[in-house]
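Chemist: build the 3D model from these lines:
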Amino acid sequence: MEPALQINFLAILVCIVSNFAIGFISYGPLFGRPWMAEVGLDPDTPPSGAHMAKAMALMGIGAFLTAYVLNYNTEVWRPSVRGHDVTEIPDYMYGFYATLFTWPGFYLPQHFSIVAWE
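Modeler: Here you go, the predicted structure:
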């Protein structure tokens, strides 16, 4: 029996938009100049359009992966989604599966962020 997952794409879209808004505020007017000085960027030289497009695309993919996987994890690892009794599979197996699946959603986007702004 396939699990009856309910992925909330509206919530995922809100997370992506929030990620961009918080990033704009944090790396713009709030901490933009100190951040640029710390990473060795010239604040008076804007990046090229191609570089910005690549960085924004990678950040969007990373935000989508993070939000989707978080939503998926909270839904899929509940035993009741599959109609199982909680005692059928040991508890540590649910933790193992959730950890294994969480890696691409929460670890890879961190690396996308590093690559996007180099």
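Chemist: which strands and helices lie in contact with the lengthiest helix in the chain?
Modeler: Longest helix of the chain, by residue count under DSSP state H: helix 49-76. Here helix 49-76 touches helix 9-25, helix 91-106, helix 108-116, going by 3 or more Cβ pairs under 8 Å, 6 or more residues apart in numbering; DSSP states H and E. C-beta here means a position set from N, CA and C on the backbone, and glycine is covered the same way.
Chemist: please identify the most buried of the ones you listed.
Modeler: Of all these, helix 108-116 has the most neighbours on average by mean count of other Cβ atoms under 10 Å, namely a mean of 15.
Chemist: looking at the helices and strands packed on helix 49-76, which is closest to Gly40?
Modeler: Gly40 lies closest, by Cβ to Cβ, to one member of the helices and strands packed on helix 49-76: helix 108-116, at 14.4 Å.
Chemist: between the closest one and helix 49-76, how big is the angle?
Modeler: Helix 108-116 and helix 49-76 meet at an angle of 170 degrees, taking axes from the mean of the first three to the mean of the last three Cα atoms, to 10 degrees as the criterion.
Chemist: now do helix 108-116: distance to the chain's middle.
Modeler: From the chain centre to the centre of helix 108-116 is a distance of 10 Å (Cα atoms, centre = their mean, to the nearest Å).
Chemist: do stretch 97-109 as well
Modeler: Relative to its chain's centre, stretch 97-109 lies at 10 Å (Cα atoms, centre = their mean).
Chemist: residues contacting that stretch, please?
Modeler: Ile61, Gly62, Ala63, Leu65, Thr66, Tyr68, Val69, Leu70, Tyr72, Asn73, Val76, Trp77 (Cβ atoms under 8 Å, 6 or more residues apart in numbering).
Chemist: how about a cut-off of 7 Å?
Modeler: By Cβ atoms under 7 Å, 6 or more residues apart in numbering, the list of residues contacting stretch 97-109 from outside reads Gly62, Leu65, Thr66, Tyr68, Val69, Leu70, Asn73, Trp77.
Chemist: worst mean pLDDT across the helices and strands of this protein, which element?
Modeler: helix 91-106 (a mean of 72; mean pLDDT, DSSP states H and E).
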